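> got a sequence here, can you build the structure:
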Amino acid sequence: MSEEMETKMEVVEDTQENMAEVTAHKKSELLAEHRKLTAKSNDLVKKMQETEYSINFGSKKIFDRLLKFLEKDSPWSHTTAAGLIMLYHNLREQKEITKDKEFDGVVKLRSANIAILWQMMTRMTGQGFFEARNFVELMAAVGEEISRAVNQVQSDNQGLRDIHQELAKLDQILDSGQYENDTDEEDDRYKIADEVDPQV
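Prediction:
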């Protein structure tokens, strides 16, 4: 038997094994697992929306400089305007903390705002020596902190990405119809939610 023919036979065998594995699933089990993963995904999303990350700005002066930049000079487009507004409001919430005499330079930002802040800072532009100096001081003070927080957010989001991959596999099996139909249970995977959580 030729090498090409052997390869084709292996592909056919693998396909048959995969089909046998798929048809071994029961619809009731697939739907139950889908509901379980969906609930877990929703819980993780809610937790991620509420999680705050500490960023050490070092001083009120650096914090105020960033806030002023976002308020007056930050470039935006139709794709970034909403993010800028959300970030600005999150920072304004923290403004009161910075007025405390014992302010230690640490403010808390929600996870979505960490990524937005990093994008805004890496797109900062200006003119002249003084603006350049202010930007370099800002990046020196908080650049590493924000980069670390971005990495932490991405790491925390990995669990959600893993769940979505598993849900996608289940969707493929359910959509293919290649399962043992052991229930009359309604497939409600694509039912529209009654309410959308506005917090991001």
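> from here on, just use CA atoms for contacts and neighbour counts.
Noted.
> by mean pLDDT, flag the weakest helix or strand of the chain.
Every helix and strand in the chain was compared by mean pLDDT, DSSP states H and E; the lowest is helix 3-23, with a mean of 48.
> and the strands in this structure?
52-56, 106-110 (DSSP state E).
> now those in a markdown table, with distance to N181, mean neighbour count and mean pLDDT?
Conversion of these to a markdown table gives the following (distance: least, C-alpha to C-alpha, whole Å; neighbours: other C-alpha atoms under 10 Å; pLDDT from 0 to 100):
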| stretch | distance to N181 | mean neighbour count | mean pLDDT |
| --- | --- | --- | --- |
| strand 52-56 | 44 | 18 | 90 |
| strand 106-110 | 44 | 20 | 91 |
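> OK, contacts around the spatially most central residue of the chain?
Nearest to the geometric centre of the chain sits N157, at 5.4 Å (C-alpha atoms, centre = their mean). By C-alpha atoms under 8 Å, 6 or more residues apart in numbering, the contact list for N157 reads M48.
> coming back round to it: tabulate the strands of the chain (TSV), appending distance to A149.
Converted to TSV, those look like this (distance: least, C-alpha to C-alpha, whole Å):
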stretch	distance to A149
strand 52-56	7
strand 106-110	10
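> between those, which gets nearest to T79?
Taking C-alpha to C-alpha, strand 106-110 is the member of those nearest to T79, at 19.4 Å.
> so what does the closest one touch, helix or strand wise?
Other helices and strands packing on strand 106-110, by 3 or more C-alpha pairs under 8 Å, 6 or more residues apart in numbering; DSSP states H and E, are strand 52-56, helix 81-98.
> neighbouring strands for it, and are they parallel or not?
Strand 106-110 has the following sheet partners, assigned by DSSP bridges: strand 52-56 (antiparallel).
> what's next to the strand it pairs with, contact-wise?
With C-alpha under 8 Å, 6+ apart, strand 52-56 has contacts from 104-111, 114, 142, 145-146, 149.
> mind running it again at 6 Å?
For strand 52-56, the external contacting residues (C-alpha atoms under 6 Å, 6 or more residues apart in numbering) are G105, V106, V107, K108, L109, R110.
> the residues you listed into CSV, with extra columns for distance to V153?
As requested, the contacts of strand 52-56 are exported to CSV (distance: C-alpha to C-alpha, whole Å):
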residue, distance to V153
G105, 21
V106, 17
V107, 16
K108, 13
L109, 11
R110, 10
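> report the two of those separated the most.
Top of the distance list for the contacts of strand 52-56 (C-alpha to C-alpha): G105 and R110, 16.7 Å.
> go through this structure and flag its longest helix.
Ordering each helix of the chain by length in residues (DSSP state H) puts helix 128-176 first.
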